[in-house]
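Asker: here is a sequence with its predicted model. Questions after.
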Amino acid sequence: MDRPTDVPRQAVNSRLEGYRNKTPEQRLAMLAEATGLADSDIAIFGQSGALDPVRANGMIENVVGTFQLPLGIATNFTINGRDYLVPMVVEEPSVVAAASYMARIARDNGGFQTSSTAPVMRAQVQLVGITDPYGARSKLLAAREQILAIANSRDALLIKLGGGCKDIEVHVFPQTARGPMVVLHLLVDVRDAMGANAVNTMAEAVAPTVAELTGGIVRLRILSNLADQRLARARVRVPEQALATKEYSGRRMIDGILEAYELAVIDPYRAATHNKGIMNGIDPVILATGNDWRAIEAGAHAYAARSGSYTSLSTWEVDSQGALIGTIEMPMAVGLVGGATKTHPAAQAALRVLGVKTAQELAEVAVAVGLAQNMAALRALATEGIQRGHMALHARNIAIVAGALGEEVETIAAGLVKAGDVRTDRAQTLLAELRGG
Ligand SMILES: CC(C)(COP(=O)([O-])OP(=O)([O-])OC[C@H]1O[C@@H](n2cnc3c(N)ncnc32)[C@H](O)[C@@H]1OP(=O)([O-])[O-])[C@@H](O)C(=O)NCCC(=O)NCCSC(=O)C[C@@](C)(O)CC(=O)[O-]
Ligand SMILES: NC(=O)C1=CN([C@@H]2O[C@H](COP(=O)(O)OP(=O)(O)OC[C@H]3O[C@@H](n4cnc5c(N)ncnc54)[C@H](OP(=O)(O)O)[C@@H]3O)[C@@H](O)[C@H]2O)C=CC1
């Protein structure tokens, strides 16, 4: 029988044994079994055309079709004592495997702990043509209640839900190439929305009053993607022995991770790659849930540079018992309503797989996956290097590029890994041999 989609999701066990060795159909069936997913959601993931052309045409402009990407499920996640199966949309091999692996290590050691601030976004109202910027600031701060009232008159539903414009800030730039500038910030609790449209509407609404109060000219009225009032955090603790492998002791692993981390702290060339590794985990969750990944990327990198020099979004250290402690804190402006979260059927189904109830919960899951991904990359880089694990999984892509079809893909990929030579020409040779024989 088809299950209704709005019933609370059953408790999930995210440790799906042998998941990697199943076919996509078997994995979908296991996912449905684990999450109690409605038949309609199973159908959405199972069919290649979940986003029909008519719906797609309503989402953006000049639509000619849709573009598919793989959707994988990261297993093993335990966050704040609750298990999650995490949908990830990504084109890069080894990302889902790496997240699942680190989540497996973490779950045996208490999993991830997360927290977040209230979902407060900033909107900016730029004022130019002012000779007394500090006087203008003073007038705006004195008119706080009036400005809040105008902003809050624009979104009755948001106010009813407990959100709305909660405060203002006024930033002064006394000297710019275009004269003094004053920028009013609206601090808006957007509840379960990403909030761009909501805060942009408020910024436009207050603009005439702001101009009148200050005598200035209003130019920009737009959100800031540096959502530094809307932070999500995750922490993981992994004892030394949990990191040990046949080749490397746990202590050696931790030392390598700390040295890799230190370089990301001091060197922007390394920090960019380190943070890309974090976004390897976060972006696929953002995409799977229909959220705005450009906004998340912009916020992440601006936050990483907030001290004036670009640095790591995560921290890695050792506690008094010698265990590795990883933490992350970053802006996470995601929504469960608005944008494509409501219009893309697969995004809706992905949110039901996650079973998140609030945008804050989704934000916390996303940063936990980012931290797991960072740990996976550092663990590999600090010891054997990235190529063994990554290239072994990339071998299937190379086999496809070389022309392998169906079951040939796994056979050729296995041959490439065995030869330690994951290249297209080698794959073509192996394919010719396979077909010739
Ligand atoms: C790739 C692994 C996980 C292999 O690692 P491994 O040791 O070969 O894995 P394993 O076979 O022992 O399996 C361990 C677990 O990994 C998962 N796993 C393992 N294989 C699969 C698979 N095929 N399908 C699904 N899950 C898989 C799975 O959870 C499995 O446990 P199980 O559940 O089976 O008991 C490891 O080498 C790794 O984590 N490498 C890092 C990969 C990575 O970071 N990829 C991102 C791309 S590189 C990049 O863009 C970022 C970077 C690196 O530049 C960032 C930076 O510089 O900081
Ligand atoms: N720089 C950027 O990042 C920019 C991004 N964007 C885009 O804006 C879109 C996101 O804007 P967003 O404001 O989130 O979307 P929407 O305006 O579509 O949705 C927000 C609205 O949904 C209604 N709503 C219903 N339930 C809730 C709830 N539980 N919590 C909060 N609001 C609720 C609210 O009121 P009501 O129903 O009254 O509207 C709210 O204003 C994305 O597509 C993004 O790409 C746009 C401009 C710039």
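Answerer: Perfect, thanks for sending it. Numbering: from 1, shown residues only. Ligands and ions are numbered 1, 2, ... in the order given.
Asker: contacts and neighbour counts: CA atoms only from here.
Answerer: Fine.
Asker: what's the helix or strand for the residue sitting nearest the centre point of the chain?
Answerer: Note on the chain: the residue nearest the mean C-alpha position is Ile282, at 2.7 Å, using C-alpha atoms, centre = their mean. Per DSSP states H and E, Ile282 falls inside helix 268-288.
Asker: off-centre distance for that helix?
Answerer: Relative to the chain's own centre, helix 268-288 is displaced by 8 Å; criterion: C-alpha atoms, centre = their mean, to the nearest Å.
Asker: what about that helix, average pLDDT?
Answerer: On average, the pLDDT along helix 268-288 is 98.
Asker: anything in the next helix or strand after that helix near ligand 2?
Answerer: Following helix 268-288 in sequence order, the next helix or strand is helix 293-304 (DSSP H and E). Yes: using C-alpha under 6 Å from any ligand atom, we find that helix 293-304 touches ligand 2 at Ala295.
Asker: next one: helix 293-304 to chain centre, how far?
Answerer: 10 Å.
Asker: and the angle from it to helix 268-288?
Answerer: 150 degrees (axes from the mean of the first three to the mean of the last three C-alpha atoms, to 10 degrees).
Asker: helix 293-304: which residues count as buried?
Answerer: 293, 295-297, 299-304 (16 or more other C-alpha atoms under 10 Å).
Asker: let me know the closest of the residues you listed to Gly36.
Answerer: For the buried residues of helix 293-304, the residue nearest Gly36 by C-alpha to C-alpha is Trp293; the value is 28.3 Å.
Asker: any low-confidence regions in the stretch 1-150 of the chain?
Answerer: 1-10, 48-49 (pLDDT under 70).
Asker: in it, which spans are helices?
Answerer: 24-35, 39-46, 53-59, 95-107, 133-142, 144-152 (DSSP state H, counting those that start in this stretch).
Asker: which residues of the stretch 201-350 of the chain lie near ligand 1?
Answerer: Within reach of ligand 1 by C-alpha under 6 Å from any ligand atom, the stretch 201-350 of the chain has these residues: 273-274, 276-277.
Asker: the longest helix belonging to the chain vs helix 268-288, what angle?
Answerer: Longest helix in the chain, counting residues (DSSP state H): helix 359-381. Relative orientation of helix 359-381 and helix 268-288, computed by the same axes, to 10 degrees: 130 degrees.
Asker: what mean pLDDT does the helix or strand following helix 359-381 have?
Answerer: Later in the chain than helix 359-381, the nearest helix or strand by DSSP H and E is helix 387-401. Across helix 387-401, the average pLDDT comes to 89.
Asker: anything in helix 387-401 near ligand 1?
Answerer: Yes: for helix 387-401, a contact with ligand 1 is found by C-alpha under 6 Å from any ligand atom, at 389-390.
Asker: if you count neighbours, what's buried in the helix holding Ile282?
Answerer: Buried residues in helix 268-288 (16+ other C-alpha under 10 Å): 268, 270-272, 274-288.
Asker: other SSEs contacting it?
Answerer: Counting contacts by 3 or more C-alpha pairs under 8 Å, 6 or more residues apart in numbering; DSSP states H and E, helix 268-288 is packed against strand 82-89, helix 95-107, helix 250-266, helix 293-304, helix 345-354, helix 359-381.
Asker: for Ser138, find the nearest of those.
Answerer: The closest of the helices and strands packed on helix 268-288 to Ser138 is helix 293-304. By C-alpha to C-alpha, the value is 28.1 Å.
Asker: ok, the following helix or strand past the closest one: who's next to it in the sheet?
Answerer: Next helix or strand after helix 293-304 toward the C-terminus (DSSP H and E): strand 314-318. If you go by DSSP bridges, strand 314-318 pairs up with strand 324-331 (antiparallel).
Asker: from the chain's centroid, how far away is the partner strand?
Answerer: 14 Å.
Asker: ok, now stretch 237-255?
Answerer: The answer for stretch 237-255 is 27 Å, by C-alpha atoms, centre = their mean.
Asker: and what of stretch 182-199?
Answerer: On C-alpha atoms, centre = their mean, the centre of stretch 182-199 falls 20 Å from the chain's centre.
Asker: so for that stretch, what gets flagged as buried?
Answerer: Neighbour count says stretch 182-199 has 182-196, 198-199 buried, by 16+ other C-alpha under 10 Å.
Asker: one more: stretch 236-250?
Answerer: 236-240, 243, 250.
Asker: how about stretch 145-162?
Answerer: Buried, per 16+ other C-alpha under 10 Å, within stretch 145-162: 147-148, 150-152, 154-155, 158-159.
Asker: ok, the residue nearest to the centre of the chain - contacts?
Answerer: For Ile282, the contacting residues are 366-367, 369-370, by C-alpha atoms under 8 Å, 6 or more residues apart in numbering.
Asker: okay if I get these as a markdown table plus neighbour count?
Answerer: As requested, those are exported to a markdown table (neighbours: other C-alpha atoms under 10 Å):
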| residue | neighbour count |
| --- | --- |
| Ala366 | 24 |
| Val367 | 31 |
| Val369 | 31 |
| Gly370 | 28 |
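Asker: now, which of these sits nearest Gly406?
Answerer: Val369 (31.2 Å).
Asker: got the contact list for the residue nearest to that closest one when sequence neighbours are not counted?
Answerer: Nearest non-adjacent residue to Val369, counting by C-alpha to C-alpha, 6 or more residues apart in numbering: Gly281, 5.2 Å away. Neighbouring residues of Gly281 by C-alpha under 8 Å, 6+ apart: 95-96, 99, 366, 369-374.
Asker: let's see it at 7 Å
Answerer: By C-alpha atoms under 7 Å, 6 or more residues apart in numbering, the contact set of Gly281 is 95, 369-370, 373.
Asker: can you narrow these to ones near ligand 1?
Answerer: Answer for the contacts of Gly281 near ligand 1 (C-alpha under 6 Å from any ligand atom): Val95.
Asker: now the contacts of Gly281 as CSV including distance to Tyr134?
Answerer: CSV is the format used below for the contacts of Gly281 (distance: C-alpha to C-alpha, whole Å):
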residue, distance to Tyr134
Val95, 50
Val369, 44
Gly370, 41
Gln373, 46
